[in-house]
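> Can you look at this prediction? I've put the sequence above it.
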Amino acid sequence: MKGSKLYSIFTSTCPVCHSAGMYKNSNPYQLSETLKMHERCPNCDTKFKIEPSFFYGAMYVSYPVGIAFAFAAFVISYWMLNFSLLSTFLIIIAVMILCLPIITRLARNIWINFFFKFDKSKVS
């Protein structure tokens, strides 16, 4: 799958070379380091933050990503497991809180992949 945007999005690797990780800590649940990224790709030297406040745009992406997580929690808990509406609502809230670091990183990964494309010549 290397070479596709989905690979870069789900593995949090550089959108240009798909070789190096974008985040200083690969664990999104290290809450103090969830958003800490390398300034540049250690492999191909791509600058991740194109301009100041570049990742503010990821907020617009995080909304539909969060909706997808909430919808999945709803379908699983209400339709598949037959929980009550109140239980389903509480499950959706829990899923959103527990998955917040993942949603945030996914939104950033999707956002940066709008602006860069894979380059075979930069693969190590």
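All right, it came through fine. What you see is a predicted model; the values in this text were computed from it and never measured.

> Identify the residues contacting Cys44.
For Cys44, the contacting residues are Cys14, Val16, Cys17, Ser19, Ala20, Asp119, Lys122, Ser124, by Cβ atoms under 8 Å, 6 or more residues apart in numbering. In short, each C-beta sits where N, CA and C put it, glycine included.

> What residues does the residue positioned nearest the centre of the chain make contact with?
Central residue of the chain (Cα atoms, centre = their mean): Leu106, 1.0 Å from the mean position. By Cβ under 8 Å, 6+ apart, Leu106 lies in contact with Ile9, Ser62, Val65.

> what helix or strand does the first one sit in?
It stands for Ile9. Under the criterion of DSSP states H and E, Ile9 resides in helix 5-11.

> For that helix, buried residues please.
Lys5, Ser8, Ile9 (16 or more other Cβ atoms under 10 Å).

> same check, this time on stretch 24-34
Going by neighbour count (16+ other Cβ under 10 Å), the buried part of stretch 24-34 is Pro28, Thr34.

> Then stretch 104-120?
Applying 16+ other Cβ under 10 Å to stretch 104-120 flags Thr104, Arg105, Leu106, Ala107, Arg108, Asn109, Ile110, Trp111, Ile112, Asn113, Phe116, Phe118 as buried.

> Which of those residues fall in helices?
Thr104, Arg105, Leu106, Ala107, Arg108, Asn109, Ile110, Trp111, Ile112, Asn113 (DSSP state H).
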